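Colleague: Just the structure for this:
(4 chains)
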There are 2 protein chains.
Amino acid sequence: MTSGISSDQAGARRAAVTLRDVAREAGVGLGTASRALAPGSQYVADDVRSRVLAVAERLSYRPNASARATTTGSTPTIAVLVSDIRDPYYAQLVHGAIGKARGDGQMVTITGTDHAVDDEVRVIRMLRSQRPRALVLTGPRTGSPASLLRELERYERDGGRVVVAGDDDLPFDTAVVPRQEGARLLVTTLRELGYRSIALIRPAADTADVRAWEAGIVQGARAAGVRVDVVRTPGVERSRDGGRAATAELLDDGRPDVDAVVAATDTMALGALSAVRDAGLEPGRDLGVAGFDDVVDADDVVPGLTSVDLSLEAIGGAAVDLALLAPAAERRRIEFDARVAVRGSTPPRG
Amino acid sequence: MTSGISSDQAGARRAAVTLRDVAREAGVGLGTASRALAPGSQYVADDVRSRVLAVAERLSYRPNASARATTTGSTPTIAVLVSDIRDPYYAQLVHGAIGKARGDGQMVTITGTDHAVDDEVRVIRMLRSQRPRALVLTGPRTGSPASLLRELERYERDGGRVVVAGDDDLPFDTAVVPRQEGARLLVTTLRELGYRSIALIRPAADTADVRAWEAGIVQGARAAGVRVDVVRTPGVERSRDGGRAATAELLDDGRPDVDAVVAATDTMALGALSAVRDAGLEPGRDLGVAGFDDVVDADDVVPGLTSVDLSLEAIGGAAVDLALLAPAAERRRIEFDARVAVRGSTPPRG
DNA sequence: CTGAAAGCGCTTACAG
DNA sequence: CTGAAAGCGCTTACAG
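Modeller: Down below sits the predicted model:
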């Protein structure tokens, strides 16, 4: 680090080519230049338009998005709130959003939040300054949503759009992650593979996503005639270690003839794989293991982990679609299919 | 999808509380209100300031960042160009950047590019509209950088800052990924573990990052007295399958008494692990395998993959630091230490 | 179809 | 310390 100059200096910005420059150079008025450059506008003579376009190209003119936004009132950006972009779950959502946004001429902004309501409120207050066209909420959150809803309503009142990509528990347009359906499908599939009795490994925190997953499992099990034990280990975290601990406890208890362990997330399932090995068993052969989210690169683990693909990329894209819709009285939902990926960790049983 | 209304509608934005509202409500002029709200400004009476602040709070006022930007000339955002946010390499960089930016009151924008020069130029042209305070370039790129440099110079001329987070091959302030040092360290470490002869698995494309890695390996090997074979399989991609194919070829060739396979990326190393198994060998015990980037969750693989931690998060943060510095005549570089993580895939050798 | 003018919501010299 | 005014770079009715 060599510079002692204040990092607050913005630099000399005034140099950029401006619409006025283009208009002067093309010999037209400001308004005409503006219209010529606007893709939609009809009211420009063809020759004038092409002249303006040529000048703009030659000067390498780029419209000032901020100036446009202060006229327009909003920015062509969509703000996505995620807790951790390194988490493949969020990375997939964001990737889908970026791809779709790009086609629609929108930017994507990523803002970090720990998904506690208080923090989300703080972040949204900050974001309101930006006047993003839409806010995309993700992830399960902790805390009572009352203050969050107030803040979001204020944002909507100012013309912003609020969209959820995740669970179906907030009163906004939602691209629903098909957890419940996915969980149901997983049980059905396990049943077809010959599994009869499964144990659920879940984090202690009772968030909306885990509830949806568990509901789906229980529902599917009832329909398919599969027995379900829920392992409720106090304090278990949504992590590899959490999955390992809970599974270890299950196995210590002399597991009530369970033939598969089903975890709420792939990460926890990886912990379950280790715990099974720690107990001297061979995952897959001796005890089935399945995850959820299909976020782990299947082939990176041995055996490959059976999981549920939740179409997260498509959901990220759908959230952008919803964000660009005009607000409507009724709430809109988009839901994609879940797909079970059967791999080595749940071989056909008996 | 129920709405037939054009998605181009921006909604009624005019509702938002404005500085004028705050000033009127507080009974002061616009200028005074502006100054009272500006964190730095001294020239406001304390009682006036607190009155304005109270009104702003009560009205839930949030300054319009676009309006501020059209006065100021730039936006408090840092644009990061990445090819794929799902790639943990980029996810880590971006995560580091977000964390640092947040502390500095900057937003982070993610823009996708395939890292071909032509595409980067296109993306940067788009971004120039946004007037982001800085552009952070990442990743190795393909194509001749001439047109890219032209575009970036234009951006700098308008007052923007260009920063690189990656290889040290562009004439801008750079947060250097310590590939060469890391590669050198890896060989030294392998030597200490007892390895004498290694084969390098590399993608066919000769990008800056791979060159740096290879140079580091060769350099380290020379110093430590380790023999190096470079496996140059035409067309091999920087992927799991690429690593698998190249390793398979090496093993087919009756590998010249190599005792470890060292891949240019963790992903390729995972492919190498598979190829070793395919050949009926046990990775680790029969043949050492090492990767690079330490991007794979160590415990997800069996055996754990020896790799090099490149401090990517810190580098992402450092890029933001550089971005916020005033431009300077001399080019600045920040380099972090690399660290070798030894795991089960390279046990001590005889 | 086009130009001059007003306006978007701020910030920043400029006189008090 | 403070208010009125000019200006940032656009867009958009409003008269031609």
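Colleague: hey, let's count contacts and neighbours off CA atoms from now on
Modeller: Will do.
Colleague: got a list of contacts for stretch A:295-314?
Modeller: A:88-89, A:92-97, A:177-179, A:182-183, A:186, A:266-267, A:283-284, A:289-294, A:336-346, B:270, B:300-302 (CA atoms under 8 Å, 6 or more residues apart in numbering or on different chains).
Colleague: Give me the subset of those residues lying in helices.
Modeller: Among the contacts of stretch A:295-314, the members found in helices (DSSP state H) are A:88-89, A:92-97, A:179, A:182-183, A:186, A:266-267, B:270.
Colleague: Report the helix or strand with the lowest average pLDDT across chain A.
Modeller: strand A:107-112 (a mean of 88; mean pLDDT, DSSP states H and E).
Colleague: Determine the set of other helices and strands touching that strand.
Modeller: Under the contact definition 3 or more CA pairs under 8 Å, 6 or more residues apart in numbering or on different chains; DSSP states H and E, strand A:107-112 sits against strand A:75-82, helix A:88-103, helix B:88-103, strand B:107-112.
Colleague: relative to strand A:107-112, how tilted is the shortest one?
Modeller: Read it as strand B:107-112. 130 degrees (axes from the mean of the first three to the mean of the last three CA atoms, to 10 degrees).
Colleague: then strand B:107-112 to PDB, C-alphas only?
Modeller: Extracted C-alpha coordinates of strand B:107-112, given in PDB (Å, rounded to 0.1, in the frame of the first residue of the first chain):
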ATOM      1  CA  MET B 107     -22.500  -2.200  -3.000                       C
ATOM      2  CA  VAL B 108     -21.200  -5.200  -5.000                       C
ATOM      3  CA  THR B 109     -22.600  -5.900  -8.400                       C
ATOM      4  CA  ILE B 110     -21.900  -9.300 -10.100                       C
ATOM      5  CA  THR B 111     -21.800  -9.500 -13.800                       C
ATOM      6  CA  GLY B 112     -21.400 -12.600 -15.800                       C
END
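Colleague: I'd like to know which elements the helix or strand following it is packed against.
Modeller: For strand B:107-112, the following helix or strand on the C-terminal side (DSSP states H and E) is helix B:117-130. On a contact count with 3+ CA pairs under 8 Å, 6+ apart, helix B:117-130 meets helix A:65-72, helix B:146-157.
Colleague: so the helix or strand that helix B:117-130 is followed by versus helix B:146-157, what angle?
Modeller: Using DSSP H and E, the helix or strand that directly follows helix B:117-130 along the chain is strand B:132-138. Using the same axes, to 10 degrees, the direction of strand B:132-138 lies 150 degrees away from that of helix B:146-157.
Colleague: could you pull out the helices for the stretch 151-300 of chain A?
Modeller: Shown for the stretch 151-300 of chain A, the helices assigned by DSSP state H, counting those that start in this stretch span residues A:179-193, A:208-224, A:240-252, A:266-278.
Colleague: of all those, which lies closest to DNA strand C?
Modeller: helix A:208-224 (36.4 Å; CA to the nearest atom of the strand).
Colleague: still on that earlier bit, tell me the angle of the least confident helix or strand of chain A relative to strand A:75-82?
Modeller: 30 degrees.
Colleague: so strand A:107-112 versus helix A:88-103, what angle?
Modeller: Using the same axes, to 10 degrees: strand A:107-112 against helix A:88-103 is 160 degrees.
Colleague: Just want the angle from strand A:107-112 to helix B:117-130.
Modeller: Using the same axes, to 10 degrees: strand A:107-112 against helix B:117-130 is 80 degrees.
Colleague: Buried residues of strand A:107-112, list them for me.
Modeller: A:107, A:108, A:109, A:110, A:111, A:112 (16 or more other CA atoms under 10 Å in any protein chain shown).
Colleague: rewinding a little: as a markdown table, the helices of the stretch 151-300 of chain A with distance to residue A:153, mean neighbour count and mean pLDDT would be great.
Modeller: Shown next, in a markdown table, are the helices of the stretch 151-300 of chain A (distance: least, CA to CA, whole Å; neighbours: other CA atoms under 10 Å in any protein chain shown; pLDDT from 0 to 100):
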| stretch | distance to residue A:153 | mean neighbour count | mean pLDDT |
| --- | --- | --- | --- |
| helix A:179-193 | 27 | 23 | 97 |
| helix A:208-224 | 21 | 20 | 95 |
| helix A:240-252 | 37 | 22 | 93 |
| helix A:266-278 | 35 | 24 | 92 |
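Colleague: In CSV: those helices, plus distance to residue A:129.
Modeller: Formatted as CSV, the helices of the stretch 151-300 of chain A follow (distance: least, CA to CA, whole Å):
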stretch, distance to residue A:129
helix A:179-193, 34
helix A:208-224, 30
helix A:240-252, 38
helix A:266-278, 36
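Colleague: nearest to DNA strand D, of the helices and strands packed on helix B:117-130?
Modeller: helix A:65-72 (4.1 Å).
Colleague: what is the orientation angle of the closest one with strand B:75-82?
Modeller: Going by the same axes, to 10 degrees, helix A:65-72 makes 120 degrees with strand B:75-82.
Colleague: As PDB, could you dump the C-alpha coordinates of stretch A:318-326?
Modeller: What follows is stretch A:318-326 as a C-alpha-only set of coordinates in PDB (Å, rounded to 0.1, in the frame of the first residue of the first chain):
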ATOM      1  CA  ALA A 318     -38.300 -17.100 -12.200                       C
ATOM      2  CA  ALA A 319     -37.800 -14.700  -9.400                       C
ATOM      3  CA  VAL A 320     -36.400 -12.200 -11.900                       C
ATOM      4  CA  ASP A 321     -39.400 -12.800 -14.100                       C
ATOM      5  CA  LEU A 322     -41.700 -12.100 -11.200                       C
ATOM      6  CA  ALA A 323     -39.700  -9.000 -10.300                       C
ATOM      7  CA  LEU A 324     -40.300  -7.600 -13.700                       C
ATOM      8  CA  LEU A 325     -44.000  -8.100 -13.700                       C
ATOM      9  CA  ALA A 326     -46.200  -5.200 -12.800                       C
END
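Colleague: I'm done for today, thanks for sticking with me.
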